[in-house]
Structures are given as C-alpha cells and as structure tokens.
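K.L.:
Quick one, structure for this:
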Amino acid sequence: MSTELVHSFHKAAEALAPELIERRRDFHRHPELGFQEVRTASVVARVLTELGVEVRTGVGKTGVIGLLEGERPGPTVLLRFDMDALPIQEENAVDYASTTPGVMHACGHDGHTAIGLTVARLLTEARSNLAGTFKLVFQPAEEGLGGARAMVADGALEGPAPIASFGLHLWNTKPLGWVAATDGPVMSAADRFTIRLHGRGGHAASPSESRDPVVAAAQIISALQSVVSRNVDALDQAVVSVTSIHSGTAFNIIPETVEILGTVRTFTPAVRERVIQRFNALVTGLAEAFEVESSIDYQSGTKAVANASDLAARVRELAALVPGVTNVVGQERTMGSEDMSEFMDDRPGCYFFIGSRNDEKGLNYGHHHPRFDFDERALVTGAALIAATAADFTARSA
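P.N.:
You can find the predicted model right below:
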C-alpha cells in the first residue's frame with residue numbers, strides 16, 4: 001500500500017512538473033523579503049482558492065493558511081512552506097533571474113512555495129482517498145525575522161490544532177536523489193548577543209591614563225573560544241562565533257566603547273544553558289579584571305528543530321520508495337537554524353532534506369550565495385514525498 005501511495009503521488013507530481021517548475025521560476029523572478037511577501041502571498045491565496053481550499057490570509061502579517069479536508073474523518077497534520085527571499089544581489093545569468101535589485105531567492109524558498117502549491121493540488125485531486133485535515137502553512141520571514149512565531153501568535157496552531165507537523169528543505173550540499181530524515185535534533189537553536197564595553201578613552205600615547213575597552217574586548221573574544229572546547233562535552237555540539245566588532249575613530253585615540261556582536265548555536269537545552277552560563281561569567285569577569293563596564297544583551301532565538309524518531313523513520317521508509325531517490329540517510333545535522341521549530345513545539349514532527357545539487361550543471365553553490373540555484377527535478381521529489389508523508393500519517397492516525 002505504501003508503494004502504491006508513493007508512486008501515485010510521484011506520477012501525479014511528474015505530470016505537474018512543467019507547471020511546478022514555471023511557478024518556481026515565477027517566484028524566483030519576483031523575490032520578496034521577510035514580511036514583504038505581498039505578491040507571493042497573493043499568488044498562493046489565489047491558487048489555493050482556485051483549488052477549492054479554504055484560505056486564510058494575513059496570518060503573521062503576510063502568511064497564508066490553506067485547510068483541505070479529506071473525505072474520511074481523521075487528525076489534522078500541518079505542512080509548512082516558507083516564502084521569503086534574502087537581501088542578496090543575484091549573479092546568475094538565467095532567464096528567471098531576480099528582477100528586484102538586491103533581493104534574490106538564495107535559499108530555495110521559491111522552490112518550497114512552489115512545492116507547497118503542488119502538494120495542495122495533489123491532495124485535492126486525491127481527496128476522496130484521504131482521511132483527516134491538511135493544514136498548509138505558507139510562512140513569511142523565515143530568515144531570522146520570526147515569521148513562524150508571528151503566525152503562531154495569530155493562531156496558526158489553532159482551529160483545528162495539528163497533532164503533527166512536517167516540513168522540508170531543498171539541500172544544495174547534497175546531490176539529487178539524496179534524502180535525509182534525522183532522528184532527534186537536526187537544526188540548531190540560534191541565539192544572538194551584543195556585548196557593550198565602556199572604559200575611559202584617552203591618548204594612545206598614554207594608555208596608563210585610560211581604561212582600554214579594546215584590550216578587554218580582545219581578551220573576551222579569545223576567552224569565548226574556550227566556552228565550547230572546555231565546557232561542552234566533546235560528544236555534544238555547540239558553536240560560539242563573534243562576527244562583528246565596532247570601536248574607535250582614529251589611530252591615536254583609545255576609544256571609550258566597544259560593541260561586539262555574535263551568535264551561539266546549540267542542539268539541546270542543557271548545552272544551551274551551560275554555554276550561556278559560561279558566556280556571562282567570562283564576559284563580566286574579564287571586563288571587571290580590565291576595569292571596564294560591561295553589558296550583555298543576549299537574545300534567545302529559535303529553538304532547535306528536533307524530529308520525532310518514529311516520524312523520521314517513516315519518512316525514510318517512504319523516501320526509499322520514491323522513484324529517483326537513491327540514497328536515504330538518518331543523520332544529517334547542521335548548525336544552521338530554522339523557525340520550523342515553532343510549529344513542532346510540544347507536538348511531534350519531522351523536518352527533512354531533499355538533495356538538489358548537480359555538479360555537472362554547475363548547480364552546486366551553497367545556500368545564501370549570490371549564484372545559488374538548484375536542480376529543479378528535486379521539486380518533484382519534494383512534492384511527492386511530503387504529500388505521501390502527510391496522507392500516510394493521517395491514514396495511520398485516523
């Protein structure tokens with residue numbers, strides 16, 4: 001039965017491939033930044049309405065939700081697709097290149113949105129054989145602006161409440177035919193910090209009369225590298241990265257202030273708590289040792305995306321049945337973050353990756369690169385797999 005289900009959705013997705021690819025290219029030509037996805041959202045709402053799907057717009061500012069009922073009673077499952085682009089000037093010389101200066105789809109969200117609309121059609125056409133309710137969530141502002149949180153605040157997880165959530169990401173570090181559904185943590189929690197140091201400025205020729213925040217900053221930055229290496233178990237994972245330093249105006253002036261920016265990435269709450277504890281202790285302790293004042297603005301961002309092992313295992317089983325899929329793995333983690341975790345909080349879910357790289361065609365640039373592009377055959381794989389996963393889950397849970 002599983003083989004028949006997967007092959008049926010794949011055959012239907014293959015038939016829709018020209019439409020799927022053209023829709024992706026249309027979104028690529030017209031990228032929109034987070035919370036500005038007005039055109040994208042209007043296209044999504046129009047297509048869903050034409051399919052007879054119940055549509056709600058303006059969820060989390062520019063988000064769209066479609067509700068699709070199967071013929072038989074069953075649970076509600078949430079399927080999430082992100083819509084936003086990035087502030088990057090595209091360097092690809094293709095006929096579907098971005099027409100918006102300084103903005104491009106450099107992470108595959110154009111593909112995700114196109115997949116989502118194709119999934120809506122696949123499920124609509126198979127409605128007579130489906131159980132339960134499918135909540136199709138088209139999310140704005142995934143790229144660090146809190147779009148998922150905004151949608152949740154607007155009731156995305158209510159009326160009806162899903163009992164499980166699924167999502168996917170085209171993955172350009174892996175080739176076409178590769179699929180990963182990881183047990184447990186798959187994408188890290190992402191926190192950000194700002195450290196401000198305030199000393200006593202003065203002439204660079206008389207440093208003893210100053211309290212130099214630059215020297216303090218140098219020691220703090222160096223010491224922060226020990227947070228992971230000396231406080232996190234070697235079998236666990238964490239990252240502390242300082243990414244920006246601002247201070248000073250001239251070569252002969254010791255400044256009064258330094259501002260340091262960076263990010264912390266962790267997979268588990270326990271490691272996150274330990275890293276924050278040592279981070280605060282080192283910053284405040286070293287600032288005091290160098291006689292400068294310090295303040296820390298530590299912002300906890302998205303939680304880690306952690307898959308339910310049973311759902312990940314089922315996705316792998318179904319993925320192995322998809323024509324063209326040649327390699328299915330259960331361990332692919334990244335320190336990149338994803339606010340899909342907001343939809344999986346307090347409910348089981350699975351966020352999986354679809355290989356989209358093609359070295360022979362030069363479609364092998366990484367995510368967020370100005371020449372990012374992917375093998376569009378991955379769109380069919382993604383649409384077929386997430387549609388089959390959703391239909392399989394509601395049928396088994398009915």
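K.L.:
Extract the C-alpha set from the helix or strand where residue 41 lies and format it as PDB.
P.N.:
Secondary structure assignment for residue 41, by DSSP states H and E: helix 38-50. Coordinates of the C-alpha atoms in helix 38-50 are reproduced here as PDB (Å, rounded to 0.1, in the frame of the first residue of the first chain):
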ATOM      1  CA  VAL A  38       2.700  40.500  -0.700                       C
ATOM      2  CA  ARG A  39       2.800  39.300  -4.300                       C
ATOM      3  CA  THR A  40       3.900  35.800  -3.300                       C
ATOM      4  CA  ALA A  41       1.100  35.500  -0.700                       C
ATOM      5  CA  SER A  42      -1.500  36.800  -3.200                       C
ATOM      6  CA  VAL A  43      -0.400  34.100  -5.700                       C
ATOM      7  CA  VAL A  44      -0.600  31.400  -3.100                       C
ATOM      8  CA  ALA A  45      -4.000  32.500  -1.900                       C
ATOM      9  CA  ARG A  46      -5.400  32.700  -5.500                       C
ATOM     10  CA  VAL A  47      -4.100  29.200  -6.400                       C
ATOM     11  CA  LEU A  48      -5.400  27.600  -3.200                       C
ATOM     12  CA  THR A  49      -8.800  29.300  -3.700                       C
ATOM     13  CA  GLU A  50      -9.000  28.000  -7.300                       C
END
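K.L.:
burial measure for the closest residue to residue 398 other than its chain neighbours, as a count.
P.N.:
By the measure of CB to CB, 6 or more residues apart in numbering, the closest residue to residue 398 outside its immediate chain neighbours is residue 74, 3.5 Å from it. In this view, the C-beta of every residue, glycine as well, is placed from N, C-alpha and C. Under the neighbour criterion other CB atoms under 10 Å, residue 74 is assigned a count of 20.
K.L.:
buried ones in the helix or strand containing residue 74?
P.N.:
Secondary structure assigned from DSSP H and E places residue 74 in strand 72-82. Residues of strand 72-82 classed as buried: 74-82 (neighbour count, 16 or more other CB atoms under 10 Å).
K.L.:
what does stretch 306-323 give?
P.N.:
Within stretch 306-323, the residues scored as buried using 16+ other CB under 10 Å are 306-308, 311-312, 314-316, 318-319, 321-322.
K.L.:
cool, and stretch 91-110?
P.N.:
Buried residues in stretch 91-110, counted by 16+ other CB under 10 Å: 92, 96, 98, 103-110.
K.L.:
In JSON lines: the residues you listed, plus pLDDT.
P.N.:
Putting these into JSON lines (pLDDT from 0 to 100) gives the following:
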{"residue": "92", "pLDDT": "97"}
{"residue": "96", "pLDDT": "98"}
{"residue": "98", "pLDDT": "98"}
{"residue": "103", "pLDDT": "98"}
{"residue": "104", "pLDDT": "98"}
{"residue": "105", "pLDDT": "98"}
{"residue": "106", "pLDDT": "98"}
{"residue": "107", "pLDDT": "98"}
{"residue": "108", "pLDDT": "98"}
{"residue": "109", "pLDDT": "98"}
{"residue": "110", "pLDDT": "98"}
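K.L.:
Quote the end-to-end distance of stretch 262-277.
P.N.:
Between the opening and closing residues of stretch 262-277 lies a distance of 16 Å (CA to CA, to the nearest Å).
K.L.:
quick one, helices of the stretch 251-398 of the chain?
P.N.:
Defined through DSSP state H, counting those that start in this stretch, the helices belonging to the stretch 251-398 of the chain, from first to last, are 269-289, 309-319, 341-344, 377-397.
K.L.:
and the shortest one, what does it pack onto?
P.N.:
Under the contact definition 3 or more CB pairs under 8 Å, 6 or more residues apart in numbering; DSSP states H and E, helix 341-344 sits against helix 147-153, strand 164-175, strand 305-307.
K.L.:
how far is the second one from where the chain is centred?
P.N.:
The gap between where strand 164-175 is centred and where its chain is centred comes out at 9 Å by CA atoms, centre = their mean, to the nearest Å.
K.L.:
Residue 159 is nearest to which of the helices of the stretch 251-398 of the chain?
P.N.:
helix 341-344 (14.8 Å; CB to CB).
K.L.:
Kindly format the C-alpha coordinates of that closest one as CSV.
P.N.:
Coordinates of each C-alpha in helix 341-344 appear next as CSV, following Å, rounded to 0.1, in the frame of the first residue of the first chain:
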residue,chain,number,x,y,z
SER,A,341,10.7,24.5,15.5
GLU,A,342,7.8,26.9,16.4
PHE,A,343,5.4,24.6,14.6
MET,A,344,6.9,21.5,16.2
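K.L.:
Same question for it: list its buried residues.
P.N.:
For helix 341-344, using 16+ other CB under 10 Å, the buried residues are 341-344.
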